[in-house]
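Trainee: here's my sequence, what's the structure:
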Amino acid sequence: MRIVLAPMEGVVDHTLRDMLTRQGGLDRCVTEFVRVTDRCLPARVFYRFCPELHHGGKTPSGVPVYIQLLGGQPEAMAQNALRAASLGAPGIDINFGCPAKCVNRRDGGSVLLKEPRRLYDIVSAVRAVVDPAIPVSAKIRLGFDDSSLFTEIVQAIVAAGANELTVHARTRQDGYKPPAYWHRIAPLQAQCPIPIIANGEIWSVTDARQCLAESGCEDLMLGRGLLTRPDLALLIKQSLLNNSAENTEAVDILGWQGVLDMLTDFCVVTEQMYEARYVGNRVKQWLGYLRGYYPDAAQLFEQIKRLHCPQEIAQMIERQRHTNMARTAA
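Mentor: As a prediction, this is how the structure comes out:
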């Protein structure tokens, strides 16, 4: 089985890709979407979204990073896919799943699910210009308002020559509200000639098992669940590949100390890469997810939520790190 890190817009940048792939269990990452309108973007845009292009298109841990494109014009999408491939992208992913209203109003993301023929046109245009050795994948939802076109959507993408398809098992109307309807993937997965990767509401090993069973898929994409628990991909791999029947939910590979070590590194790297005014927001954003699993993260979040200076935030995290080390040693 393979586990892919989801391209969470505004959250999973190259810094977090590095942090999360270090933990193990991930087989691929996908960038935040590169917005395509009517022109071919300069190389600097692709390097900004995917600095890994300078290193063979892989994270420092050796995990390949696909570049994700979002747009509604086949020719422009093809031109930018070709540009990304020429810069060394190991794969091209096409975003047909973003539910944001501002994106949908501008002819991008999940609004295109209303018109399967346009999905075909975009994917086929990209596939036609990109070297056959470079995979082209797409990410979709079950549909826009409902899932009535789901079969037609999948058939259009397959017919256009995509190598893989990721399905977020909710419609755009569903947004991110639970549950995810994994079982709706199964009928198409059973007859689909390309791999389908299941996505949505996977927060634990139990969820992963249930998702695989209900969807019939062999591969998973993790998003918020992995940000909440950075060792989740590795835990799923160890449990499922070893066919472990033990209660793995109680296993904590990383531990709170490991999370604090990650946060310490994250502060340093983020301060190097972003303006000071953005550093605190990104740290708080990640802590907002982490507190969904780690009780101590909620306490730390309260301590830094009103801080704005990156150095003060880093000092508070370092203080917590040393306190936790002393507590553990005692």
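
Trainee: contacts for stretch 146-160?
Mentor: Residues outside stretch 146-160 that contact it (CB atoms under 8 Å, 6 or more residues apart in numbering) are 113-114, 116-117, 119-124, 127, 138, 140, 142-143, 165, 167, 171, 173, 181, 184, 188, 192-194, 196. All C-beta atoms are positioned from the backbone trio N, CA, C, and that covers glycine.

Trainee: can you give the domain ranges for this structure?
Mentor: With automatic domain parsing as the criterion, the domains of the chain are listed as 3-248, 255-329.

Trainee: any idea how far the last one is from the chain center?
Mentor: Going back to what we said before, that points to domain 255-329. Relative to its chain's centre, domain 255-329 lies at 21 Å (CA atoms, centre = their mean, to the nearest Å).

Trainee: one more: stretch 214-226?
Mentor: 11 Å.

Trainee: what are the contacting residues of it?
Mentor: So stretch 214-226 is contacted by 1-6, 8, 12, 20, 166-169, 182-183, 185-186, 189-190, 195-199, 201-204, 207-208, 211-212, 232-233, 236, 289 (CB under 8 Å, 6+ apart).

Trainee: start to end distance for it?
Mentor: 21 Å (CA to CA, to the nearest Å).

Trainee: just to be sure, which of the contacts of stretch 146-160 are found in helices?
Mentor: Residues of these located in helices (DSSP state H): 116-117, 119-124, 127, 188.

Trainee: just send those back as TSV, with neighbour count, distance to residue 328 and pLDDT too.
Mentor: Listed next are these as TSV, based on neighbours: other CB atoms under 10 Å; distance: CB to CB, whole Å; pLDDT from 0 to 100:
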residue	neighbour count	distance to residue 328	pLDDT
116	20	55	98
117	9	59	98
119	27	52	98
120	21	56	98
121	20	57	98
122	28	52	98
123	27	51	98
124	18	56	98
127	20	52	98
188	19	48	96
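
Trainee: and residue 92, backbone torsions?
Mentor: Main-chain torsions, residue 92, degrees, to the nearest 10: phi -120, psi 130.

Trainee: that one touches residue 85, doesn't it?
Mentor: Yes: between residue 92 and residue 85 there is a contact at 6.6 Å, judged by CB atoms under 8 Å.

Trainee: those two - which one has more neighbours?
Mentor: residue 92 (29 against 21; other CB atoms under 10 Å).

Trainee: for that one, give its distance to residue 126.
Mentor: Residue 92 sits 6 Å away from residue 126, going by CB to CB, to the nearest Å.

Trainee: still on that earlier bit, generate a PyMOL selection restricted to the buried subset of the contacts of stretch 214-226.
Mentor: The buried residues among these can be selected in PyMOL (16 or more other CB atoms under 10 Å) with this line:
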select buried, resi 3+4+5+6+8+12+20+166+167+168+169+182+185+189+196+197+198+199+201+202+203+204+207+208+211+212+232+233+236+289
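
Trainee: inside strands: which ones of the contacts of stretch 214-226?
Mentor: Applying DSSP state E to the contacts of stretch 214-226, the entries found in strands are 3-5, 166-168, 196-199.

Trainee: ok, these vs residue 280, which is closest?
Mentor: Set against residue 280, the nearest of those by CB to CB is residue 5 (23.8 Å).
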